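S.K.: Just a sequence and a predicted model for now, questions to come.
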Amino acid sequence: MRRLLTPPWIVLHCFAVVLTVAFGLLGWWQLGRAQHGNAISWGYALEWPLFAVFTIALWVRQMRLELRKDRPEGEAPRRGRPEPPPMTSPFEAAIIEARHDHAAGVRRSPSESSQGSHA
């Protein structure tokens, strides 16, 4: 938790708070303009609060990612929800083989390549 109190993080916290407050005030200002007859301000009155919500979501996400670094390797998340397995491709072996062949300078004909991938 102390990691979030370092100088770079304090700057980030201040920046997030300033942006959120500024976006809220800009939304309030546009709402006032919209109520006085400026039709395009209705869109901005909805848009600025969405920017504020997006800023908060990014801020929370970055803090969670930073705190996740504190967790020892292999420790399960606190919620008990297992991490999904890494995505793999059914063509992974053929891709790796092709990379090795390319690095070694081996050229295969298309018929040889297609035979290996249909195993």
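M.R.: Nice, thanks for sending it over.
S.K.: Next one, pLDDT for residue 74 please.
M.R.: At residue 74, the predicted lDDT confidence score is 63.
S.K.: swap in residue 5?
M.R.: Predicted confidence (pLDDT) for residue 5: 85.
S.K.: With residue 111 instead?
M.R.: 60.
S.K.: change the start of the numbering to 625 and stick with it
M.R.: OK, 625 is where the count begins now, so the last one is residue 735.
S.K.: what about residue 654, neighbour count?
M.R.: 21 (other CB atoms under 10 Å). Heads up, the C-betas are built off the backbone N, CA and C, glycines and all.
S.K.: Does it lie in a helix or a strand, and which?
M.R.: helix 631-659 (DSSP states H and E).
S.K.: now the following helix or strand past that helix against helix 631-659, angle please.
M.R.: Downstream of helix 631-659, the next assigned helix or strand under DSSP H and E is helix 665-692. Between the axes of helix 665-692 and helix 631-659, defined by axes from the mean of the first three to the mean of the last three CA atoms, to 10 degrees, the angle is 160 degrees.
S.K.: Would you mark the buried spots in helix 665-692?
M.R.: For helix 665-692, burial by neighbour count (16 or more other CB atoms under 10 Å) applies to 665, 668-669, 672-673, 675-676, 679, 683, 687.
S.K.: Serialize the residues you listed to CSV and add fields for pLDDT.
M.R.: What follows is those, written out as CSV (pLDDT from 0 to 100):
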residue, pLDDT
665, 90
668, 90
669, 92
672, 94
673, 94
675, 95
676, 95
679, 95
683, 93
687, 91
